[in-house]
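> just the structure for this:
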Amino acid sequence: MLKTPWPDGLRFAFGTLTVFPVKVTRWDRDAARGGMLCAPLAGLVVGGCAALAGVVLLALGAGALLAAVASAAVPAVLTRGLHLDGLADTADGLGSGKPAEDALRIMKQSDIGPFGVITLVFVLLAQVAALAQAYGDSWARGALAAVVSATAARLALTLAARTGVPAARPEGLGAAVAGVVPVRAATAAAVVVTGAAAAGGALVGTYDVVRTAAAVVAALAVAELLLRHCTRRFGGVTGDVFGGLAETAGTVSLLVLSLGQ
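As a prediction, the model looks like this:
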């Protein structure tokens, strides 16, 4: 019988996915399972902080663009930029066109290559543009976009940590969390988060119910495609791949939320 120690899982999620001063007391696979299942909760808190920064700037008289920049910057600060770094490293590994072993070695290097730089530039531009459009429509839609994006980003990690997805390396965070979440539990988490996003959209407008749910579904679908591609190319997942999945899912959700506004 699988055991999921929820207090240890919460500590694992916040201690590994955020800069909040939460001490991770257990690193075993039970704690990792709980941590990955709690990842969307960490995203909810990060997204709430991002939304708060944007709304406060709007209240102080700033424009939608500056509010968007703040809401895009806060998640990067609260994660020490690890997800963005993982995205850049994953882009370098995929863009290298080299065999798995060489690509993984490129991803472990401390510098960022041209593929990583280009990917970061366009992803951050897309995030700021989408958030600016949302804040330009209303502060509520901007705040909703920030929260949904951050939560969907961490939900992608829950699904990527499901049973059957191997680790590309025998060490590192990727190896610690690879395959720890049962498929049914990951699916249940996706359903709960999607439903919660739709409920949040209902507070803003009738059409936003469908749009927020669609944003989460689209984010997970694109993240799944990237996950499968990385698994084929690298032989499994790494910490960098998890970061790349989070940023990809978050960006896709923002793009979907910007449609039709």
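
> gap between S253 and P182?
25 Å (CB to CB, to the nearest Å). Quick note: C-beta positions are derived from backbone N, CA and C, even for glycine.

> out of those two, which sits in the more crowded spot?
S253 (31 against 16; other CB atoms under 10 Å).

> with just CA atoms, put the helix or strand of the chain with the lowest mean pLDDT into PDB.
Scoring the helices and strands of the chain by mean pLDDT, DSSP states H and E places helix 173-177 at the bottom, with a mean of 83. The C-alpha trace of helix 173-177 is given here as PDB (Å, rounded to 0.1, in the frame of the first residue of the first chain):
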ATOM      1  CA  LEU A 173      16.000  15.900  -8.600                       C
ATOM      2  CA  GLY A 174      14.700  14.200 -11.700                       C
ATOM      3  CA  ALA A 175      15.700  10.800 -10.400                       C
ATOM      4  CA  ALA A 176      14.300  11.600  -7.000                       C
ATOM      5  CA  VAL A 177      10.800  12.300  -8.300                       C
END
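
> what does it rub up against?
16, 27, 29, 32, 35-36, 157, 161, 167-169, 236-242 (CB atoms under 8 Å, 6 or more residues apart in numbering).

> and A178, what pLDDT?
For A178, the pLDDT comes out at 90.

> same deal with T25?
83.

> that one against D8, yeah?
Yes. Applying CB atoms under 8 Å as the test, T25 and D8 come out as touching, 6.4 Å apart.

> what do the two both touch?
A31.

> higher neighbour count, those two?
D8 (22 against 12).

> and that one, how far from P99?
38 Å.

> just V74 next, same as before
Taking CB to CB, one finds V74 at 38 Å from P99.

> got it, and L144?
43 Å.

> returning to that earlier point: buried subset of the contacts of helix 173-177?
Among the contacts of helix 173-177, those buried by neighbour count (16 or more other CB atoms under 10 Å) are 16, 32, 35-36, 157, 161, 167-169, 236-242.

> which parts of stretch 108-117 are buried?
112-113, 115-116.

> make CSV from the residues you listed and add secondary structure to it.
Below are the buried residues of stretch 108-117 laid out as CSV (DSSP: H, G, I helix; E, B strand; the rest coil):
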residue, secondary structure
I112, coil
G113, coil
F115, helix
G116, helix
